[in-house]
Every structure is written in structure tokens, then in C-alpha cells.
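can't give you the sequence, but here's the structure:
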């Protein structure tokens with residue numbers, strides 16, 4: 001039966017609210033290492049989540065059966081759980097927390113899994129691996145690709161009806177160089193995460209990057225160690241994706257601020273009173289939550305409770321304005337949030353998540369930023385990271401560094417790292433790159449929640465310059 005028919009057949013349960021969320025996903029991944037095919041992995045998952053509200057409380061049931069009696073059993077369990085929860089509730093919800101949204105979303109990808117050609121994909125990955133074989137010191141060459149198709153349908157007794165069809169793909173590669181001087185790795189891929197399918201794989205562009213990262217890995221073997229001192233720091237977008245993710249995205253999740261995630265993924269240094277007052281960064285800092293960017297990695301029409309996505313400023317002119325939180329979290333905290341209640345699959349309840357969290361471009365060219373630096377360093381591509389449970393104190397390592405001296409890029413340095421504290425770090429934002437430096441990417445493995453949920457998130461950023469940052473080499 002269609003979801004609307006199933007919903008009608010559950011009307012005799014006399015619940016205050018019922019929703020059905022059908023999720024059908026197909027995934028494919030394959031990899032090559034040192035010109036050896038490592039394998040192809042496929043998976044398919046299809047099921048249904050039932051959500052019921054009774055006496056101001058929500059509860060869930062899930063099944064991979066589409067037989068009416070099995071779905072009815074899930075709905076009854078959810079109804080009883082909601083009634084039991086209402087005896088101990090701290091907050092009471094209404095239909096205001098479940099909008100009657102109707103709409104549809106289709107990602108721009110036209111070549112999804114139905115267009116996948118194993119032979120062509122294998123040949124491309126093999127050629128990427130071969131291209132990185134520029135010297136015997138390149139001891140490890142890997143290339144990886146992933147494609148996924150996801151269809152969701154959400155209906156509810158309040159009239160909500162939302163269909164979303166999303167294709168995603170990612171390509172990644174890395175080259176490791178080794179000699180008596182040590183090991184160095186260069187990689188590429190975060191800006192290849194998109195809502196396109198196979199049309200995302202531009203062979204010429206990928207092979208150009210394969211040759212580049214292999215050459216750079218070799219160069220790094222002979223490079224000087226990164227100096228240890230306080231200096232200006234110029235960060236490339238592919239490093240800022242993770243910086244944004246860890247020091248802006250996660251601490252602004254409202255369920256962390258409420259303490260819901262404290263036991264598993266950590267709390268946040270942000271307090272409810274900080275919204276509207278905290279100077280999170282310099283006046284040049286503008287961060288948006290924007291699932292309406294068509295084709296970015298985590299774009300959608302509405303989240304998994306039916307709340308329509310809108311573009312919102314999380315931070316404007318450096319001031320914290322709103323968090324990443326669902327309508328439920330917003331009510332509990334009496335704070336503004338966004339349409340970000342998302343689930344990894346049909347058998348997980350939606351929780352507060354990121355979607356596309358983007359640092360908006362400024363007005364400075366890359367040339368202007370470099371010329372403004374007396375002594376500093378340019379870093380690219382994350383190698384390692386660490387941040388405390390409050391998402392406050394952090395340390396990041398990058399793959400590639402180049403000193404900036406008297407307004408010019410000079411020596412290549414290896415093992416560059418930097419450290420800081422979230423709000424002071426972003427308040428040291430000195431210049432923000434213009435649209436010519438702006439790049440769009442994403443991360444496909446953001447984990448959170450108990451039981452764990454791994455989800456796709458999008459990030460975009462220009463090149464950015466920070467002043468007076470602690471920089472150090474690999475041995476410190």
C-alpha cells in the first residue's frame with residue numbers, strides 16, 4: 001500500500017499525531033591500492049519509521065516490513081511508549097513542533113547508481129593510482145569512490161507530504177612517500193563530495209590532482225620541519241571544512257547545549273545566554289546554515305520531521321545568533337534554531353544535526369592576503385585533529401605548509417600544526433577570501449548519538465587569514 005493509505009488505516013489508533021517516514025538507500029563503494037583492485041561493496045536498506053505523539057510526547061517504532069499489521073504493531077508500541085513517557089515529561093510538545101509541510105526535492109545528479117559502469121570506474125581508479133606512481137619513494141597509492149542513492153517519503157496526519165530523491169558521490173585519493181627522512185602523505189577529495197553522480201568524475205581534473213599530490217608528497221620528504229612560533233596563519237578551504245565542522249558546527253548543536261549528548265559525543269562551551277550576545281568571531285565572520293544550496297552535500301527541502309529548510313545566519317558579523325537545533329530543542333531552550341532534525345536511516349529517530357554549514361566569502365583576494373603577511377604560514381589539507389569534549393580547546397595538523405615571508409610564499413615545510421581555543425581563534429580572523437577563493441565540499445562520516453548515527457554534512461569556505469596563532473612542528 002502507499003504511505004497515505006497506510007496512514008488512513010492507522011486512524012483508529014486515535015493518536016494525537018502519527019507520521020510515517022520511508023527511507024530507501026542504495027550504496028556502492030570501490031577502491032584501488034597500488035594498482036591492485038581491493039574490491040567493490042554494495043548495500044541496500046529499505047524500511048519505515050513510525051512516530052506517534054500522545055499527551056505532548058513523541059515516541060517511535062521502526063520496521064523493514066511493509067505489511068500493514070507489522071506497521072500497526074510499531075505504531076501501537078510507539079503510542080504506548082509516548083503515553084508512558086508523558087508520566088515523567090519535563091517538556092510538553094504540540095503540533096507546532098511538527099509542521100504540515102508539503103513539497104519535493106531532487107538533487108541535480110542525473111547519473112546515479114543505475115548509470116554505474118564497473119569497468120569504467122575500475123579503469124579510472126587504476127589510472128589515478130598509476131598516475132601517482134611518479135617515483136619509487138611513493139610507496140602507497142590509493143583511490144576510492146562512493147555513490148549513493150536515497151529516496152525518502154514522509155507523510156503525517158497533519159497533512160505533511162514530502163518526497164526527496166538524493167544522489168551523492170565522492171572521490172578520494174592519497175599518496176604516501178617514504179625514505180630515510182620519514183613518511184609524508186598528500187591527499188585530495190573533500191571538495192569532491194557532492195550531490196552529483198558519475199558526472200562528478202572529471203577524469204582530466206582527477207588525474208591532474210593525482211600527479212600534483214604525488215609530487216607534493218615527494219617534496220615534503222626533503223622539506224624543513226615547520227617552525228614553532230606564534231605567527232599569522234592562512235588556511236585553505238579543505239582544512240577549514242574540518243575547522244568549521246568541529247569548532248562551529250558541533251558546539252552549536254542545541255542538544256549538546258541541553259546536555260543530551262554529554263555522555264557520548266560531548267557537551268559544548270556555548271551557553272543558552274550566549275545567543276545574541278557572544279562575540280564568537282571577528283566582525284568578518286559570517287556563518288550560515290543553508291540546505292537550500294542546490295546540490296551541496298547535505299541539501300534538502302525539509303528535515304526528517306517535516307520542517308522546511310531555510311537559509312539562516314548562525315553567526316553574523318561575528319555575533320552568535322542561533323543554534324543547530326530542532327523544533328523540540330528550540331522549544332526546550334526557548335532559542336531560535338534551524339530545520340536540522342535528521343536521521344541516518346529508517347531505524348533511527350531524528351536528532352539535532354548539521355547540514356550545510358558554510359563560512360560566507362569576504363572581499364579579500366588570495367594575493368592581498370599573502371601580501372599582508374610579514375611572517376606566517378599557509379596550511380592545506382587536514383592530517384590530524386583533536387578537540388575537547390566542550391569543543392573549545394583544539395589542535396589540528398595539516399599535510400602541507402608553506403611559509404609566508406615579507407608578503408610572499410617561500411619555503412615548503414612539513415608536519416605543520418596549529419592550536420587554539422574556539423572563540424579567541426575565530427576572533428583572530430583577520431581577512432576573509434573573496435568568491436574566487438571559495439570552495440564547496442563535505443564530510444560523509446559525521447557520527448553522533450546513541451545508537452550511533454553517521455550522516456552526510458556539507459561545508460563551504462573561502463581561504464581565511466588568522467593573526468597571532470600558535471604554530472608548531474611535528475616533533476612538538
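Yep, that arrived. Since this is a predicted model, take the numbers as computed values, not measurements.

Pop the domain breakdown of this protein in here.
As given by automatic domain parsing, the domain ranges for the chain are 3-222, 225-472.

how about the strands of the stretch 301-450 of the chain, start to end?
Remark: strands assigned in the stretch 301-450 of the chain by DSSP state E, counting those that start in this stretch are 312-316, 319-320, 341-342, 351-352, 356-359, 375-387, 393-405, 408-414, 417-421, 429-432, 439-448.

Can you say which of those strands is nearest to residue 171?
Of all the strands of the stretch 301-450 of the chain, it is strand 439-448 that lies closest to residue 171, at 11.5 Å by C-beta to C-beta. C-beta here means a position set from N, CA and C on the backbone, and glycine is covered the same way.

for the closest one, which positions count as buried?
439-444, 446, 448 (16 or more other C-beta atoms under 10 Å).

circling back: any idea which of the strands of the stretch 301-450 of the chain gets closest to residue 42?
strand 439-448 (16.4 Å).

Could you identify the helix or strand that succeeds the closest one?
Going down the chain from strand 439-448, the next helix or strand is strand 453-461, by DSSP states H and E.

Mind listing what's buried along that following strand?
Using 16+ other C-beta under 10 Å as the test for burial, strand 453-461 gives 453, 455-461.

what's the helix or strand just after that strand packed up against?
Reading on from strand 453-461 to the C-terminus, the next helix or strand found by DSSP H and E is strand 464-472. The contact analysis (3 or more C-beta pairs under 8 Å, 6 or more residues apart in numbering; DSSP states H and E) places strand 464-472 against strand 229-235, strand 417-421, strand 429-432.

pLDDT weak spots in the stretch 301-450 of the chain?
By pLDDT under 70, the stretch 301-450 of the chain contains no weakly predicted segment.

wait, isn't residue 450 in contact with residue 263?
Yes - between residue 450 and residue 263 there is a contact at 7.3 Å, judged by C-beta atoms under 8 Å.

Can you tell me which of the domains of the chain is packed in deepest?
domain 225-472 (a mean of 20; mean count of other C-beta atoms under 10 Å).

about what we covered before: I'd like the buried residues of strand 453-461 laid out as CSV, including distance to residue 257.
CSV is the format used below for the buried residues of strand 453-461 (distance: C-beta to C-beta, whole Å):
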residue, distance to residue 257
453, 19
455, 19
456, 23
457, 18
458, 22
459, 21
460, 24
461, 24
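
so where do the strands sit in the stretch 51-200 of the chain?
57-63, 102-106, 138-156, 161-179, 182-188.

Tell me the gap between stretch 456-467 and the middle of its chain.
Offset of stretch 456-467 from its chain centre (C-alpha atoms, centre = their mean, to the nearest Å): 12 Å.

export the strands of the stretch 51-200 of the chain to a markdown table and tack on distance to residue 345 and mean pLDDT?
Shown next, in a markdown table, are those (distance: least, C-beta to C-beta, whole Å; pLDDT from 0 to 100):
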| stretch | distance to residue 345 | mean pLDDT |
| --- | --- | --- |
| strand 57-63 | 9 | 97 |
| strand 102-106 | 18 | 97 |
| strand 138-156 | 9 | 95 |
| strand 161-179 | 13 | 95 |
| strand 182-188 | 28 | 96 |
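
okay if I get those strands as CSV plus distance to residue 116?
Below are the strands of the stretch 51-200 of the chain laid out as CSV (distance: least, C-beta to C-beta, whole Å):
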stretch, distance to residue 116
strand 57-63, 29
strand 102-106, 19
strand 138-156, 6
strand 161-179, 10
strand 182-188, 22
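
returning to what we had before: and which of the buried residues of strand 453-461 is nearest to residue 365?
Checking those against residue 365 with C-beta to C-beta, the nearest one is residue 461 at 15.5 Å.

Surely that closest one is in contact with residue 248?
No - here residue 461 does not reach residue 248: they are 10.4 Å apart, not a contact under C-beta under 8 Å.

Mutual contacts of these two, please.
Common contacts of residue 461 and residue 248 (C-beta atoms under 8 Å, 6 or more residues apart in numbering): residue 359.

For residue 224, give me its contacts.
By C-beta under 8 Å, 6+ apart, the contact list for residue 224 reads 411-414.

same thing but at 10 Å, please
Going by C-beta atoms under 10 Å, 6 or more residues apart in numbering, residue 224 touches 401, 403, 411-415, 473.

Can you spell out which residues form a bridge with it?
Judged by DSSP bridges, the bridge partners of residue 224 are residue 413.

mind checking pLDDT for the nearest residue to residue 159 once chain neighbours are set aside?
Here the nearest residue to residue 159 in space, its sequence neighbours aside, is residue 100; by C-beta to C-beta, 6 or more residues apart in numbering that works out to 4.3 Å. If you check residue 100, the pLDDT there is 98.

Roughly how far does residue 100 sit from residue 52?
Remark: distance between residue 100 and residue 52 (C-beta to C-beta, to the nearest Å) = 17 Å.

Of the buried residues of strand 439-448, which pair is most distant in space?
Checking the buried residues of strand 439-448 with C-beta to C-beta, the most distant pair is 439 and 448, at 24.9 Å.

Can you tell me the closest non-neighbouring residue to residue 394?
Nearest in space to residue 394, with sequence neighbours left out and distances taken as C-beta to C-beta, 6+ apart, is residue 387 at 4.1 Å.
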